[in-house]
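Peer 1: Based on what follows, work out the 3D shape:
(chains A and B)
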There are 2 protein chains.
Amino acid sequence: VDEFDLIHRYFDRDTGDADVVVGVGDDGAVLCPAAGRHLVSVVDTSVENVHFPESLPAADIGFRSVAVNLSDLAAMGSRPRWMLLALTLPKVDADWLSEFSEGLYAAADEHRVALAGGDTTHGGTLVVSVHMIGDVDPQMAMRRDAAMPGDEVWLTGSTGDAAAGLRLFQEGSVAGDAAAFLVGRFRRPRARVAIGQKLARFANAAIDVSDGLFADAHKLAQSSSVALSLHLERIPLSPALCKLFADDAEVLSLTGGDDYELLFTAPADSAAEIQRIADAEAVPATRIGQVSTGIGATCYRDGNPVSFDDPGYRHFHE
Amino acid sequence: VDEFDLIHRYFDRDTGDADVVVGVGDDGAVLCPAAGRHLVSVVDTSVENVHFPESLPAADIGFRSVAVNLSDLAAMGSRPRWMLLALTLPKVDADWLSEFSEGLYAAADEHRVALAGGDTTHGGTLVVSVHMIGDVDPQMAMRRDAAMPGDEVWLTGSTGDAAAGLRLFQEGSVAGDAAAFLVGRFRRPRARVAIGQKLARFANAAIDVSDGLFADAHKLAQSSSVALSLHLERIPLSPALCKLFADDAEVLSLTGGDDYELLFTAPADSAAEIQRIADAEAVPATRIGQVSTGIGATCYRDGNPVSFDDPGYRHFHE
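Peer 2: Residues are numbered from 1 along each chain as shown, chains lettered A, B, ... in the order given. Below is the predicted model of the structure:
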């Protein structure tokens, strides 16, 4: 019996999805797309000791690998549908695979994303690439290049928590509610899938915050050829971050990665609708800046520009 | 400037495809699928020193990484449309990336497959995952599990060439037309894309031959819960393989991997149509066996079963 055939069995479940015409176990998945919608296709790779420490439990690796792709779809305003898994393994360990698949399915099931296929290979480094396919109403996708001068800049949730949580996890300082919250933000990121789809009606542009708030704000500004201001006093900080990282909270919120929040821009006259959506979804949404003519992101404190030359988050060990 | 932003520039070309609504550079690709067709989604990963030797030129690595996915789509009878690239790199080398992208585009352009997005990460081993999306008429996809007793077993082209070519490449024995042919079969596999789409009207089941003819025949037989006979005297051998590997030609044809030919089954009364398609596409197609009730693949020589207990091709260095 082929070792890799055994592996496939961990990922060969009934999808319960009538639109998966052919699933795991063939050369390809056959999928029935919804009529009249556009597809959104994303891929996000997680590499051991680059995107997560090798000490991270397998279930968390599985969960995160799916969540980061959900987050990409959320940032496009897309409904997630299906995923394929490309898994490169240094060795085959049944316990590890069992836990990994459990975490993977936990993240996928929450959003009814069916695993429709994949490829498992041997390789020196653990590499998890998930390819996810969603759909969206035509003209509704939130693009990175569509921010308009006059837009307000919004952020869901808070940033800096995951980077702080990773630090605590690596130090083994995981006791207490505040630490548990922060570590959980790294281990089990919650992609903003539901609110992303609702925001698509109102937002002009969006990006998911994976590389740090400032770096991603800068990317959005560059893609849209606009200037984006971030008002430091408005950037929301979680109580746990303030409690355990009082001195570094602001820097972490601007430069910490792996938050998987949504940074988006919308016309000012959509503010009430956006706030209503955020309330209905029980997701905090905060106006943290404005879009104007110009280029790139700038931080302001009390109305004055602050020199902030961060190279952007480059993953934790680089 | 971000090193990985630079990398993306190698892969950020005008796609010339009006159905790519949003391409490289956003959180996800937005794609407009053809109405009334099913999607076919595949992923295939190529790992350095597992699927190809590290001495392989970067352009060939790029070409092969696309070709193996085209082959998966061909085996489903699907028209290829778009792809996403997940690239894990040990280091960033501009020359390597330039050559890699050239080979990647050479394979993709031939079939008008647009690169619509991707993700580039740092990692200890070179890992290339390509996610390709195609489409197919509903009910037309060639499945692995649909072979029927009474079907004839067909093979496009010849097998064993790529494994022989890899051996020659690693020995540095690449002089002469026969060697060039075999080495080319490894370096630049030609996926059977056009004939695959035409065969879908007639074939019941198909698989692409990537792990060795016998191993893949066995997989098809198991998926379909049928017995599949392979008549050794009918298995086509290329003149180059016979010339340079006279003693090993048959074993290589049965167990060598990386051929990317199509193994398919079809009712006997489709034989004339299939032969006409093969002639029109200038692709050899040979009837090499039958499907009957039972389970698994068996080889026959002059009508007698031959014990053949091959574990299947496990990539070249494992």
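Peer 1: check contacts around residue A:134.
Peer 2: By Cβ atoms under 8 Å, 6 or more residues apart in numbering or on different chains, the contact set of residue A:134 is A:39, A:40, A:41, A:42, A:73, A:76, A:78, A:79, A:80, A:81, B:28. Yep, even glycine has a C-beta here, placed from its N, CA and C like the rest.
Peer 1: Kindly provide the distance from residue A:61 to residue B:245.
Peer 2: Residue A:61 sits 43 Å away from residue B:245, taking Cβ to Cβ, to the nearest Å as the criterion.
Peer 1: Export the lengthiest helix in chain A to CSV, keeping only CA atoms.
Peer 2: When chain A is scanned for its longest helix (criterion: DSSP state H), the result is helix A:58-76. Provided in CSV are the C-alpha atoms of helix A:58-76 (Å, rounded to 0.1, in the frame of the first residue of the first chain):
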residue,chain,number,x,y,z
ALA,A,58,-0.3,20.2,14.0
ALA,A,59,-4.0,21.1,14.5
ASP,A,60,-3.1,24.8,14.7
ILE,A,61,-1.0,24.5,11.5
GLY,A,62,-4.0,23.0,9.7
PHE,A,63,-6.4,25.6,11.1
ARG,A,64,-4.1,28.5,10.2
SER,A,65,-3.4,27.2,6.7
VAL,A,66,-7.0,27.4,5.9
ALA,A,67,-7.7,30.6,7.8
VAL,A,68,-5.1,32.6,5.9
ASN,A,69,-6.8,31.7,2.6
LEU,A,70,-10.3,32.5,4.0
SER,A,71,-8.8,35.8,4.9
ASP,A,72,-7.7,36.5,1.3
LEU,A,73,-11.2,35.7,0.1
ALA,A,74,-12.7,37.8,2.8
ALA,A,75,-10.6,40.7,1.6
MET,A,76,-12.1,40.3,-1.8
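Peer 1: What residues of it count as buried?
Peer 2: Neighbour-count burial for helix A:58-76, with 16 or more other Cβ atoms under 10 Å in any protein chain shown as criterion, is recorded at A:58-76.
Peer 1: what's that helix packed up against?
Peer 2: When contacts are defined as 3 or more Cβ pairs under 8 Å, 6 or more residues apart in numbering or on different chains; DSSP states H and E, helix A:58-76 packs onto strand A:38-47, strand A:79-89, helix A:94-110, strand A:127-136, helix A:177-187, helix A:193-199, strand A:205-209.
Peer 1: quick one, what contacts residue A:248?
Peer 2: With contact set as Cβ under 8 Å, 6+ apart, residue A:248 has these partners: residue A:164.
Peer 1: swap that for residue A:221, sorry
Peer 2: Counting by Cβ under 8 Å, 6+ apart, residue A:221 has contacts A:147, A:227, A:228, A:291, A:295, A:296, A:297.
Peer 1: Adding distance to residue A:200, write those out as CSV.
Peer 2: Formatted as CSV, the contacts of residue A:221 follow (distance: Cβ to Cβ, whole Å):
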residue, distance to residue A:200
A:147, 14
A:227, 24
A:228, 20
A:291, 18
A:295, 25
A:296, 25
A:297, 23
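Peer 1: of these, buried ones?
Peer 2: Buried among those by 16+ other Cβ under 10 Å: A:147, A:227, A:228, A:291, A:297.
Peer 1: Please tell me how far the nearest residue to residue A:238 once chain neighbours are set aside sits from chain B.
Peer 2: Spatial nearest neighbour of residue A:238, chain neighbours left out: residue A:158 (4.4 Å); criterion: Cβ to Cβ, 6 or more residues apart in numbering or on different chains. Residue A:158 sits 20 Å away from chain B, going by Cβ to the nearest Cβ, to the nearest Å.
Peer 1: Mean pLDDT per helix and strand in chain A: which one sits at the bottom?
Peer 2: helix A:3-10 (a mean of 74; mean pLDDT, DSSP states H and E).
Peer 1: neighbouring strands for the helix or strand just after it, and are they parallel or not?
Peer 2: Toward the C-terminus, helix A:3-10 is succeeded by strand A:20-22 as the next helix or strand (DSSP states H and E). Strand A:20-22 sits in its sheet next to strand A:29-31 (antiparallel), going by DSSP bridges.
Peer 1: pLDDT averaged over the partner strand, what's the number?
Peer 2: Averaged over strand A:29-31, pLDDT sits at 97.
Peer 1: List of residues touching that strand?
Peer 2: With Cβ under 8 Å, 6+ apart, strand A:29-31 has contacts from A:19-23, A:81-82, A:84, A:116-117, A:133, B:38-42, B:76, B:136, B:141, B:143.
Peer 1: which residues does residue A:124 contact?
Peer 2: A:90, B:47, B:49, B:124, B:125.
Peer 1: Check those residues against residue A:305 and report the nearest one.
Peer 2: Checking those against residue A:305 by Cβ to Cβ gives residue B:124 as the nearest, at 40.7 Å.
Peer 1: follow-up on the earlier one: redo the contacts of residue A:134 as CSV? Include distance to residue B:96.
Peer 2: Below are the contacts of residue A:134 laid out as CSV (distance: Cβ to Cβ, whole Å):
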residue, distance to residue B:96
A:39, 31
A:40, 31
A:41, 26
A:42, 25
A:73, 31
A:76, 31
A:78, 33
A:79, 38
A:80, 34
A:81, 35
B:28, 27
